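Engineer: Sequence first, then the predicted structure:
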Amino acid sequence: MLPQSQLPRVVRFGTFEVDVPAGELRKNGLKLKLQEQPFQVLCMLLEHPGEVVTREELRSRLWPADTFVDFDHGVNAAIKRVRDALGDSPDNPRFVETLQRRGYRFIGAIGTPPNANANDLAIARPSPQTAAEAPVVAAIPANVRGQWRALAAIAAVALTIFAGAALWLRRPTRLPDRSQWVQLTKFPDSVSEPALSPDGRMLVFIRGYMFGRDVYVKMLPDGEPVQLTHDDLLKTFPAFSPDGSRVAYTTLDPQQFRWDTWVAPILGGEPRPLLRNASGLVWTGPRQVLFSEIKMGVHMGIVAAEENRLGARDVYLPTDQPAMAHRSYLSPDGEWVLLAEMDHDHFWTPCRLVPMDGSSLGRPVGPLGGGCRSAAWSHDGRWMYFSANPGSVNHIWRQRFPDGQPEQITSGPTEEEGIAMAPDGRSFVTAVAVQNTSLWIHDANGERQISLEGNGTNPKFMPNGKKLCYVIVREFPNQLAWRNPGELRIADLKSGRSEPVLSGFPVLDYDISGDGRQVVMWTTDSEGKSRLWLAPFDHSSPPVQIPNVEGGQPRFGPGGDIVFRHAEFVYRVHPDGTGLRKAHPEPVLIQWDISPDGRWIVEWAPLHDNGPPAMQAFPLGGGPAIPIGGSFTFLSWSRDGRSALLAGSYLVPLAAGESIPRIPKGGFHSEEEIARLPGGRRINADGVVLGPSPDVYAFYRGTTQRNLYRIPIP
């Protein structure tokens, strides 16, 4: 097999282009999303077009002997992602052919430009000028060279002035003064997700934040809010129909993890279902819609169709199976779609720009390094707007289409979420939040606050119950952003003194060893890859990265192993990086907790019969999983293992020898079923985390006020 360096710099086939040094795959000049391993697989196939590349050759090149990976899963996943990016099919291949029990072969025709250098085969991208349009350069007579030098000097000065003017014109945007913000709602709790009617006279929103209970409409500027829905369904993503007579919204069933679209008439009447398995629906024409659709498990893509689902086609499907494209926004010319999505770890990623025709995976846009939850277009299509949090809380950003630089247009101590553009293009409506959340302890001495500044989250008790670890984050997590990086701290519960565990070490998640001597932490490296680190609490040695491991959601497991999730599966590894293997064979979406005796691990995973995702208890010693229930039924334990906590609020005693409470066959279907468990009681607090005994626990307390404001566009 040739070394990759002998590949041409750029290789073209069909409408695709592989830029080897840049590590990019493009279609029609637009970068496609293809991760490193699948890209290397494609390069290996291109090295010998028409020849068989065996699975063993792929393994030996891409996964060195000292690196653990499930080779079969890795090769299969890489080939699948190559085919997904190329729009190829294993049954009717145009580019990548499978040869059973042998390997793979690239069968596409590779283009070669005429007179190309051997080292630059097909490297030149199409020039904007054709040969007929190319400028003709003639020799300059010696007697006029001085005049040309003078003209060149004048041109250089002009260019300098022009460049300075351009820089001045591109100076940072002057942020709109907060005195110009106009408050549109005055609720005492929280409203969010604004949407404006096509004529700009009506405003709809959700009461609550990320899955509120009801949809409201308000006539602008001073009408009283009117409640359109009166049921207990969780709701999100409201949007007006093109004629302004109806409002569509998404409902979520947490038991079945089902996303459906309903519509409610503005002038009164009962809401009715519109489309099942359709989320974030928006109209793109009188009867045309865009929406998100779950393909399998939680894998969610963007679909275009008629309102009755006729003519449905995929616009965008994330390459990672657990990833979810939640929201979509069509450009005014109908050619492009902005979308907000989550990656395989369910973190919000930067927003993405994709073509409406589905011809490529597009590219990230807006501020990088943070999550983007919503987007919008200016009415002339010249600007893209984003609600994003690159390193801080959510603010509104914008970027000139197609490739300008992102610029922030709101700032300050509040958080802004959601963007509804006014029809006149002079302002937008967003939800502005002021929140204050703190971490508290309940024990025999009563209740007291632990975190005094910042948002304390993800608390865990030390085994002796005398200290509490927690993470300070800039933005408090919500249902659709379940982890944020922050500083890990440890507080002495008697003195109240708190200090960092490791300064300058941002942590996504962590766990404490059973003896209380070590902490395992999930971080990301400079390339954005998930890494696991071990550190002693007594600072007797520096933190050490677990070698040859990539993954997150770590937990201390039986026998001193570290249990973590990577690429849809849960693995076990010794602290020194050896002994890496799958904890069990089933794919997993989120890893939750491990029982104190190390016998059970709780995970949110697809049911074995391809049913919807559910909370399940998997035995680490082997055997079938026990379904616990829908996503609301997450299970955790007190440190002494004598009590369990279900659904975040219900404390259930465990009999001697029991590791999990008595769960009905098929799992719990409601909180009422949990409440009827013998000896159970409800703890009236938010975000309860049990301590060394049932009477000691941590919880959250705070206030969030979120209202809608109109903000002028700078």
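Structural biologist: Okay, I see it.
Engineer: Quick one: mean pLDDT over whichever strand or helix holds R26.
Structural biologist: Per DSSP states H and E, R26 falls inside strand 24-27. The pLDDT scores in strand 24-27 average 86.
Engineer: what ranges do the helices span in the protein?
Structural biologist: 36-47, 55-62, 71-86, 145-169, 671-675 (DSSP state H).
Engineer: Do a quick rundown of the strands in the stretch 551-700 of the chain.
Structural biologist: 552-556, 562-566, 569-573, 581-582, 590-594, 600-606, 613-619, 626-629, 635-637, 643-646, 650-653, 681-682, 686-690, 697-712 (DSSP state E, counting those that start in this stretch).
Engineer: Format these as CSV; extra columns: mean neighbour count.
Structural biologist: Where C-beta positions appear, they are placed from N, C-alpha and C, glycine not excepted. Below are those laid out as CSV (neighbours: other C-beta atoms under 10 Å):
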stretch, mean neighbour count
strand 552-556, 22
strand 562-566, 24
strand 569-573, 22
strand 581-582, 12
strand 590-594, 20
strand 600-606, 24
strand 613-619, 22
strand 626-629, 23
strand 635-637, 21
strand 643-646, 23
strand 650-653, 20
strand 681-682, 13
strand 686-690, 19
strand 697-712, 19
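Engineer: And those: which comes nearest P194?
Structural biologist: P194 sits nearest to strand 697-712 of all those, at 5.2 Å, using C-beta to C-beta.
Engineer: on that earlier part again, which residues sit against the strand holding R26?
Structural biologist: Outside strand 24-27, the residues that touch it by C-beta atoms under 8 Å, 6 or more residues apart in numbering are 15-19, 31-32, 34, 39, 42, 85, 359-360.
Engineer: Show me the protein divided up by domain.
Structural biologist: 4-120, 178-422+706-712, 584-695 (automatic domain parsing).
Engineer: Out of these, which gets nearest to N548?
Structural biologist: domain 4-120 (5.3 Å).
Engineer: all strands for the stretch 251-400 of the chain, in order.
Structural biologist: Counting by DSSP E, counting those that start in this stretch, the strands of the stretch 251-400 of the chain are 258-265, 272-275, 279-283, 288-296, 299-306, 313-316, 324-330, 336-342, 352-355, 363-364, 372-377, 383-388, 395-400.
Engineer: in the strand holding R26, what counts as buried?
Structural biologist: 25-27 (16 or more other C-beta atoms under 10 Å).
Engineer: TSV please, covering the residues you listed and showing distance to S378.
Structural biologist: Compiled in TSV, these are given as follows (distance: C-beta to C-beta, whole Å):
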residue	distance to S378
L25	30
R26	27
K27	27
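Engineer: Tell me the one among the residues you listed nearest to V501.
Structural biologist: Looking across the buried residues of strand 24-27 and measuring by C-beta to C-beta, the closest to V501 is L25, at 41.1 Å.
Engineer: tell me which residues form a beta bridge with that closest one?
Structural biologist: V18, L32 (DSSP bridges).
Engineer: For L677, see how far away it is.
Structural biologist: Per C-beta to C-beta, to the nearest Å, L25 is found 53 Å from L677.
Engineer: Could you do E487 as well?
Structural biologist: 38 Å.
Engineer: residue ranges of the strands in the stretch 401-550 of the chain, please?
Structural biologist: Using DSSP E, counting those that start in this stretch, strands in the stretch 401-550 of the chain cover 407-408, 415-421, 427-443, 446-449, 455-461, 467-473, 487-492, 498-500, 509-512, 518-524, 530-536, 544-545.
Engineer: Can I get the ones you listed in CSV including distance to G691 and mean pLDDT?
Structural biologist: As requested, the strands of the stretch 401-550 of the chain are exported to CSV (distance: least, C-beta to C-beta, whole Å; pLDDT from 0 to 100):
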stretch, distance to G691, mean pLDDT
strand 407-408, 41, 94
strand 415-421, 31, 95
strand 427-443, 7, 90
strand 446-449, 13, 92
strand 455-461, 4, 89
strand 467-473, 8, 91
strand 487-492, 13, 94
strand 498-500, 17, 92
strand 509-512, 12, 96
strand 518-524, 17, 95
strand 530-536, 22, 96
strand 544-545, 28, 96
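Engineer: Among these, single out whichever gets nearest to D199.
Structural biologist: Comparing the strands of the stretch 401-550 of the chain by C-beta to C-beta, strand 415-421 comes nearest, at 13.0 Å.
Engineer: Packing partners of the closest one?
Structural biologist: strand 191-196, strand 372-377, strand 383-388, strand 395-400, strand 427-443 (3 or more C-beta pairs under 8 Å, 6 or more residues apart in numbering; DSSP states H and E).
Engineer: what do you get if the cut-off is 6 Å, keeping everything else the same?
Structural biologist: Contact analysis of strand 415-421 by 3 or more C-beta pairs under 6 Å, 6 or more residues apart in numbering; DSSP states H and E lists strand 191-196, strand 372-377, strand 383-388, strand 427-443 as its packing neighbours.
Engineer: now the third one, how far from the chain's geometric center?
Structural biologist: Going back to what we said before, that points to strand 383-388. 16 Å (C-alpha atoms, centre = their mean, to the nearest Å).
Engineer: what stretches of this protein score poorly on pLDDT?
Structural biologist: Scanning the chain for pLDDT under 70 picks out 1-6, 63-73, 111-174, 209-210, 391-392, 453-454, 474-484, 609-610.
Engineer: let's see it at 50
Structural biologist: 1-5, 66-69, 112-172, 478-482 (pLDDT under 50).
Engineer: give me every residue that touches the residue lying closest to S374 once chain neighbours are set aside.
Structural biologist: The shortest distance from S374 to any non-neighbouring residue, by C-beta to C-beta, 6 or more residues apart in numbering, is to S387 (4.6 Å). By C-beta atoms under 6 Å, 6 or more residues apart in numbering, S387 lies in contact with 373-374, 394, 396, 417, 419.
Engineer: Among the contacts of strand 24-27, the buried ones, what's the PyMOL command?
Structural biologist: Buried residues within these, by 16+ other C-beta under 10 Å, are selected in PyMOL with:
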select buried, resi 16+17+18+31+32+34+39+42+85+360
